[in-house]
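K.L.:
would you be able to build a 3D model of this:
(one chain, ligands or ions: 2)
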Amino acid sequence: MTTRVFTGLKPTGQLQIGNYLGAIRPLLDLAADPDNDLLVSVADLHALTVQHDPARLRALTLEMVATLLACGLNARAKLFVQSSIPAHTELSYLLESTATYGEMARMIQFKEKSRGQESVRLSLLTYPALMAADILAYQSEVVPVGDDQRQHLELATTLARRFNGTYGDVFTVPRGATPAETARVKDLRDPTTKMGKSGAAGAGVIFLRDEPDAIVAKVRRAVTDNNPTLTYDPRNRSGVANLAVLLGALTGSSPGAALDEIQGAAALKAAVAEALVETLAPIQKRYRELTADPAELLSVLRSGAEVVAGDAVKTVANAREAMGLLSLH
Ligand code: AMP
Ligand code: TRP
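P.N.:
Ligands and ions are numbered 1, 2, ... in the order given. This next block holds a predicted model:
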């Protein structure tokens, strides 16, 4: 028996090496286990919950899809775009009718993102119902999520239990999985903050689409310190430690061990840049091939949607019937 595993990725920013090491590579590992039946959804509907630019959303969605394909995800996982399966939004409404206003308003993410805002989209409030629909539509058993999504997942399990208790067993009650410990990559120019969030036009961020010379230049200007002896000391030597984390994650060793054979910051930077280019070059090559033919990319997405749609449609039909909606078929 295989385990159905589901996760969603929101296309809200240009992908950087932190996303690769912290999110994409763990998915490739999950997909490599033949006991898992892995579904990965690019959650474009979730990107509509805050102000957005339509052209940018379209571009980021395609970038996410092409990157996941370039990393080889589709060979073992079912990859699709959330909005291409209308059953998600239909089920979301049925789950909104199972949840309460108080439950939604209590979500930490809603409170944080709505605080101090003059205008808050209603979908920001109901977001967890859509996320629950994503998960429950496929009778998912396991959902790997990071800390920031744990509360949403708990709400999804609550709604599944409540629905089943009220209307009869329709949904598998999912459980969360803590993703394998992954490298937390910091900004190269400000190694006390997470890579990705900082501004400064990305000077300390390695984007997955950065050319080799840009990578070399950014790593060369990474913050280190004056101590010529390399030691792994995240608390006191955050710059060197961050480079060690990157090198370790890219070459399959611990951060401490990654420093073993290296002398001095310049040599460390050269090694990190080389490992980055070596990891990213083949992904970028496939990415360019994939995006050169947008029609082909869309056809991959259509097949992905076709493969998963049947399950979602079946679950929604069961949920509708259980709730007392007429079926005309
Ligand atoms: P975000 O882009 O912050 O919404 O994150 C999307 C996914 O990428 C999450 O699973 C994060 O944990 C992961 N991620 C983003 N930035 C980093 C980083 N600097 N280091 C490790 N993982 C990251
Ligand atoms: N809401 C998640 C995020 O912002 C993305 C997501 C959408 C998701 N649907 C999901 C994650 C279902 C896990 C399961 O990161």
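
K.L.:
Leu297 against Glu289, yeah?
P.N.:
No - in this structure, Leu297 is not within contact of Glu289 by C-beta atoms under 8 Å, at 10.3 Å. Where you see a C-beta, it was placed from the backbone N, CA and C, and this is true even at glycine.

K.L.:
the more surrounded of the two?
P.N.:
Between Leu297 and Glu289, Leu297 has the larger neighbour count (other C-beta atoms under 10 Å), namely 16 against 13.

K.L.:
so how far is ligand 1 from that one?
P.N.:
The spacing between Leu297 and ligand 1, counted by C-beta to the nearest ligand atom, to the nearest Å, is 22 Å.

K.L.:
could you list every residue that touches that residue?
P.N.:
Contacts for Leu297 (C-beta atoms under 8 Å, 6 or more residues apart in numbering) come out as 62, 65-66, 69, 290-291.

K.L.:
which ones among these also lie next to ligand 1?
P.N.:
Among those, none lies close to ligand 1 by the criterion of C-beta under 6 Å from any ligand atom.

K.L.:
among those, the buried ones, what's the PyMOL command?
P.N.:
Per 16 or more other C-beta atoms under 10 Å, the buried members of those correspond to this PyMOL selection:
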select buried, resi 62+65+66+69+290+291
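
K.L.:
okay, and which of the contacts of Leu297 map to helices?
P.N.:
62, 65-66, 69, 290-291 (DSSP state H).

K.L.:
and of these, the nearest to ligand 1?
P.N.:
Ligand 1 lies nearest to Val65 out of these, by C-beta to the nearest ligand atom, at 15.1 Å.

K.L.:
mind listing what the closest one touches?
P.N.:
With C-beta under 8 Å, 6+ apart, Val65 has these contacts: 42, 79, 81, 297, 300-301.

K.L.:
okay, it: pLDDT?
P.N.:
With respect to pLDDT, Val65 scores 96.

K.L.:
Arg184 versus the residue nearest to Ile283 when sequence neighbours are not counted, what's the distance?
P.N.:
Once flanking residues are discounted, Ile283 sits nearest to Ala70: 4.8 Å by C-beta to C-beta, 6 or more residues apart in numbering. Remark: distance between Ala70 and Arg184 (C-beta to C-beta, to the nearest Å) = 24 Å.

K.L.:
repeat that for Arg237.
P.N.:
Taken as C-beta to C-beta, the span from Arg237 to Arg184 is 16 Å.

K.L.:
these two - which one has more neighbours?
P.N.:
Per other C-beta under 10 Å, whichever of Arg237 and Arg184 has more neighbours is Arg237, with 18 against 14.

K.L.:
quick one: the longest helix seen in the chain to chain centroid distance?
P.N.:
Longest helix in the chain by number of residues, with DSSP H as the criterion: helix 294-323. Computed by C-alpha atoms, centre = their mean, to the nearest Å, the chain-centroid distance of helix 294-323 equals 20 Å.
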